[in-house]
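A.B. asks: Return atomic coordinates for the entry below.
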Amino acid sequence: MSEEKKSGIDGQLLRRIVRFLVPYKKWVILASTSVIFAAFLGPLIPKLIQVTIDRDVVSGDLVGLRNMIGLLFLILLAEGGLSFINTYLTQWIGQQAIYDLRIRLYRHIQSQSLRFFDGTPIGRLITRVTSDVESLSDVLSAGLVTILGDLFKILFISWFMFTLDWRLALVALSVIPFMMWATLWFKKRVRLAYRDTRKQVARLNSFLQEHISGMKIVQIYGREPEEKKRFEAINDDHQQAHIKTVFYFALFFPLADLVASIALGLVIWVGGLNAIGGTLTLGVLIAFIQYVRQFFEPIRNLSDQFNTLQSAMAGAERIFGLLDSDESIPQVAAPTSLIDVKGRIEFKNVWFSYDNAIDLEDDNASWILRDVSFEVEPGQSLAIVGATGAGKTTVISLLLRFYDVQRGQIIVDGIPINQTSLADLRSHIGLVLQDVFLFSGSIKDNITLRNPLISDLAMKEATKAIGAASFIEKLSEGYDYQVKERGISLSHGQRQLLSFVRTLVYNPKILVLDEATSSVDTETEEVIQRAMETLMAGRTTVAIAHRLSTVQHASQILVMHKGMVRERGNHQQLIAKDGLYRKLYELQYRDQESVA
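C.D. replies: Presented below is the predicted three-dimensional model:
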């Protein structure tokens, strides 16, 4: 990418950042006005000192001296008051804008399809919402307003210097071309350094998130030394990227101080000669010395703000890159509502691949599902069986519209699911996964998900129906028992029961079970099976089954193989066919006998 394009992108990113301040434009205008006024008061002081020396001190006017001292004191008080207002107001504005940005980013992430999460490391998303957003905090809080104030301060100082003595002003500003060259050199290199730093932070977070979550596997297989070496390498890359930015700043700021010192030396030399020659008053020389010191202070501040701005630009690139990459499930503008849902499900010639770039006309491409068709009537139960990789989980993922099909249709109660809203569709489907996820919080919160429409009575009735009430009531705090992260404080069977209750308390018309009993003990499985006989009444159920003993009473069984429906029927019909289902059944039966 060329430097010209980078400069254009800078302006575009800055405009997008500034848009988050638009809702608070009245406060921004107030803060900007007060900053500009404060920027005028600072340069005004050397001018008043010059007047005091050349008029009052030289003539011995004590009254004028006292009056001028009083005026200077009032200006200093006003400058301090404005500084307090500016600091508080700009920080308040910035935190409001950061809050809005973080909410927007989180909502965007929530709206993405599972395809997005399949290809995006969780640690990278955490980096976007936390440290990348935080990198914009200083810019939105005070950076832009402070830059405005510093620019006006430079203009006011220049104006005062030229009104006092334009020739000495030119001497003082003669070093500016060199300062501009140094700033441009600094800008070019530090931007690349900050971009690399943000990249390394994301790598570091992704590695930590993944390996802390998988620490059990690392420890079981004794991979601690190897993973430590990988972490050291990533951490070293992060360190080197950060040190590179430190190097540029360590070089630039002393250079800026050197330029300022040269300007001060030139002013003292030329101004001193003029003062000795009588062509320049002492007050003007003293004022110029103060102005030179003041002039390079906002320039240094601008360089420091440029530091902040570059960090923000690097973070903004990544934030807006995420916001611009939309992989959410498309929804129609006027969705059809699912009213009085009965629970009829129909798959019509469904073809699906996780590869979005697949040739839709090529039947021989890498399809996960191939021309899958079936119907489930309201209140019926459908079991899907087959070997690993047959496409069973993909079927329920498509029913819940975690992904969109490439060919064919999925219909619920006569309405294609892509013609309804996601919220409407999913509100009528309950999902119980084999891998249960529980949040940190109470048992109650994990069941209701903090939905105020679910009463305590409904929650407790559901736990009793499932058979979970017995173990919940034995816990130290009952329904207020605090579940640790990912439910680690509960057994797998207890987590499975809570997941089942969580689904049923929402009273869905369609139940989707991904082998809900495969990872629980026999006693817990019997509890769930007894509850299911009552809870499945009047509900359409789609279940993925690995143990064929759990699907013998299903209304219909689909046998899938390599993404296609190879057999269908009930248990007795499929056994009589002497096909793939019977082979799977007999294989499991022999395995169970050998285990016994």
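A.B. asks: And for the most centrally placed residue in the chain, nearest residue in space, chain neighbours not counted?
C.D. replies: Centrality entry for the chain: nearest residue to the mean C-alpha point is residue 129, 2.9 Å, by Cα atoms, centre = their mean. In space, and not counting its chain neighbours, residue 129 is closest to residue 105: 5.5 Å by Cβ to Cβ, 6 or more residues apart in numbering. Bear in mind the C-beta positions are built from the backbone N, C-alpha and C, glycine included.
A.B. asks: how far away is that neighbour from residue 118?
C.D. replies: The gap separating residue 105 from residue 118 is 20 Å, by Cβ to Cβ, to the nearest Å.
A.B. asks: Look at the two and report which has more neighbours.
C.D. replies: Set residue 105 next to residue 118 and count neighbours by other Cβ atoms under 10 Å: residue 105 wins out with 19 against 11.
A.B. asks: Which neighbouring elements make contact with the helix or strand in which the more buried one is found?
C.D. replies: Secondary structure from DSSP states H and E places residue 105 in helix 62-110. Where contact means 3 or more Cβ pairs under 8 Å, 6 or more residues apart in numbering; DSSP states H and E, helix 62-110 is packed against helix 25-51, helix 133-134, helix 137-138, helix 144-164, helix 282-324.
A.B. asks: 7 Å instead, please
C.D. replies: With contacts taken as 3 or more Cβ pairs under 7 Å, 6 or more residues apart in numbering; DSSP states H and E, helix 62-110 sits against helix 25-51, helix 133-134, helix 282-324.
A.B. asks: Packing partners of the second one?
C.D. replies: Put plainly, it is helix 133-134. If you count contacts as 3+ Cβ pairs under 7 Å, 6+ apart, helix 133-134 packs onto helix 62-110.
A.B. asks: Grab the longest helix from the chain for me.
C.D. replies: For the chain, the longest helix by residue count, based on DSSP state H, is helix 224-276.
A.B. asks: separation between the closest residue to residue 30 other than its chain neighbours and residue 99?
C.D. replies: Spatial nearest neighbour of residue 30, chain neighbours left out: residue 89 (6.8 Å); criterion: Cβ to Cβ, 6+ apart. Here residue 89 is placed at a distance of 16 Å from residue 99 (Cβ to Cβ).
A.B. asks: Also residue 563?
C.D. replies: Here the distance between residue 563 and residue 99 works out to 46 Å (Cβ to Cβ).
A.B. asks: Between those two, tell me which one has more neighbours.
C.D. replies: Between residue 563 and residue 99, counted using other Cβ under 10 Å, residue 563 has the larger neighbour count: 21 against 12.
A.B. asks: Name all residues that make contact with that one.
C.D. replies: With contact taken as Cβ atoms under 7 Å, 6 or more residues apart in numbering, residue 563 is in contact with 367, 368, 369, 370, 390, 391.
A.B. asks: Number of residues surrounding the fifth one?
C.D. replies: The local packing count at residue 390 equals 23, with neighbours defined by other Cβ under 10 Å.
A.B. asks: do the last one as well
C.D. replies: Counted with other Cβ under 10 Å, the burial measure for residue 391 works out to 23 neighbours.
A.B. asks: from the contacts of residue 563, which single one is nearest residue 70?
C.D. replies: Residue 70 lies nearest to residue 368 out of the contacts of residue 563, by Cβ to Cβ, at 83.3 Å.
A.B. asks: what's the spacing between the closest one and residue 294?
C.D. replies: 69 Å.
A.B. asks: Kindly provide the distance from the closest residue to residue 165 other than its chain neighbours to residue 433.
C.D. replies: Of all residues not flanking residue 165 in the chain, residue 284 sits nearest, at 5.9 Å (Cβ to Cβ, 6+ apart). Residue 284 sits at a distance of 80 Å from residue 433 (criterion: Cβ to Cβ).
A.B. asks: Burial check on the residue nearest to residue 165, number of neighbours?
C.D. replies: 22.
A.B. asks: ditto for the one 10 residues further on
C.D. replies: Using other Cβ under 10 Å as the criterion, residue 294 is surrounded by 19 other residues.
A.B. asks: My guess is the residue nearest to residue 165 contacts residue 167. True?
C.D. replies: No. With contacts counted by Cβ atoms under 7 Å, residue 284 stays clear of residue 167, the gap being 11.3 Å.
A.B. asks: And the nearest residue to residue 169 once chain neighbours are set aside, how close does it get to residue 260?
C.D. replies: Counting by Cβ to Cβ, 6+ apart, residue 169 lies nearest to residue 161, which is 3.9 Å off, once chain neighbours are set aside. Note on residue 161: its distance to residue 260, by Cβ to Cβ, is 14 Å.
A.B. asks: can you give me the offset of stretch 293-310 from its chain's centre?
C.D. replies: Between the centre of stretch 293-310 and the centre of its chain there are 30 Å (Cα atoms, centre = their mean, to the nearest Å).
A.B. asks: in that stretch, what's buried?
C.D. replies: Neighbour-count burial for stretch 293-310, with 16 or more other Cβ atoms under 10 Å as criterion, is recorded at 294-299, 301-310.
A.B. asks: nearest to residue 439, of the residues you listed?
C.D. replies: Looking across the buried residues of stretch 293-310 and measuring by Cβ to Cβ, the closest to residue 439 is residue 308, at 35.8 Å.
A.B. asks: what's the neighbour count on the spatially closest residue to the closest one that is not a sequence neighbour?
C.D. replies: Once flanking residues are discounted, residue 308 sits nearest to residue 138: 4.6 Å by Cβ to Cβ, 6+ apart. Counted by other Cβ under 10 Å, the residues lying close to residue 138 total 20.
A.B. asks: Could you do the one 3 residues further on as well?
C.D. replies: Applying other Cβ under 10 Å, we find 22 residues neighbouring residue 141.
A.B. asks: try the one 3 residues further on
C.D. replies: The burial count assigned to residue 144 is 24, neighbours taken as other Cβ under 10 Å.
A.B. asks: ok, it to residue 31 distance?
C.D. replies: 10 Å.
A.B. asks: Equivalent analysis for residue 454, please.
C.D. replies: In this view, residue 454 and residue 31 are 45 Å apart by Cβ to Cβ.
A.B. asks: Compare the two (neighbour count), which wins?
C.D. replies: residue 31 (26 against 18).
A.B. asks: burial of the spatially closest residue to the more buried one that is not a sequence neighbour, as a residue count?
C.D. replies: Distance criterion Cβ to Cβ, 6+ apart; nearest residue to residue 31, sequence neighbours excluded, is residue 89 at 4.6 Å. By the criterion of other Cβ under 10 Å, residue 89 has 21 neighbours.
A.B. asks: I'd like the distance between residue 89 and residue 79.
C.D. replies: 16 Å.
A.B. asks: Residue 304 now?
C.D. replies: Distance from residue 304 to residue 79, by Cβ to Cβ: 20 Å.
A.B. asks: cool, and residue 66?
C.D. replies: In terms of Cβ to Cβ, residue 66 sits 20 Å off from residue 79.
A.B. asks: So for the two, which residue has more residues nearby?
C.D. replies: residue 79 (17 against 11).
A.B. asks: List the contacts of the more buried one.
C.D. replies: Contacts of residue 79 (Cβ under 7 Å, 6+ apart): 38, 41, 42.
A.B. asks: Select from the residues you listed the one having the most neighbours.
C.D. replies: residue 38 (20 neighbours).
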